[in-house]
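Student: What follows is a predicted structure for the sequence shown.
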Amino acid sequence: MRIAQADRAHLRDIERCARAAYEKYVAHIGREPAPMVADFARLIEDGHVWVATDDHGLAGFVIFYRRGDHLHLENVAVFPNRQGEGIGTILVRHVEDAAEREGLAAIELYTNEKMTENLDYYRRLGYRETGRREEDGFNRVFFRKEIGR
């Protein structure tokens, strides 16, 4: 698995991956989750998107950027037919490594409370729940993981 910064050539695959990965949540949430409607072109242009690729093409992606003393992990998605291979964890570890290299204190993220498997997933990776609140019409669960300095 190769992790590299995304470029415009990855745009359509990133959009397809986001739709495929989050489609199952539309019925639970009652509308498309925020990651399905993100401005991926702008995020790529701003240098916030990284892709996981192998000989089969793009398997997943992650979006993150600095916010004060931490990195904000905005989105991690893996094509459904590639889930269970550890690709999401590789992408999350990439973000954690970036935070360490930059000497930042932590990673913060949020997920929708109806994406219950994500709640368990982030806890298994060592993320601690820091709060729950409604934001932009979504019920979100916030997490933080301290990164050793």
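Tutor: It's in. Predicted model, so just to flag it, every value in this text is computed and none were measured.
Student: how far away is residue 24 from residue 118?
Tutor: Residue 24 is 12 Å from residue 118, where distance means C-beta to C-beta, to the nearest Å. Quick note: C-beta positions are derived from backbone N, CA and C, even for glycine.
Student: who's more crowded, the two?
Tutor: residue 118 (19 against 11; other C-beta atoms under 10 Å).
Student: show me what contacts the residue nearest to the more buried one when sequence neighbours are not counted?
Tutor: Closest residue to residue 118 apart from its sequence neighbours, by C-beta to C-beta, 6 or more residues apart in numbering: residue 111 at 4.3 Å. Neighbouring residues of residue 111 by C-beta atoms under 8 Å, 6 or more residues apart in numbering: 118-119, 122, 140-141, 143.
Student: And residue 46, by the same measure?
Tutor: Here residue 46 is in contact with residue 65 (criterion: C-beta under 8 Å, 6+ apart).
Student: Confirm residue 100 sits in a helix?
Tutor: Yes. Per DSSP: H, G, I helix; E, B strand; the rest coil, residue 100 lies within a helix segment.
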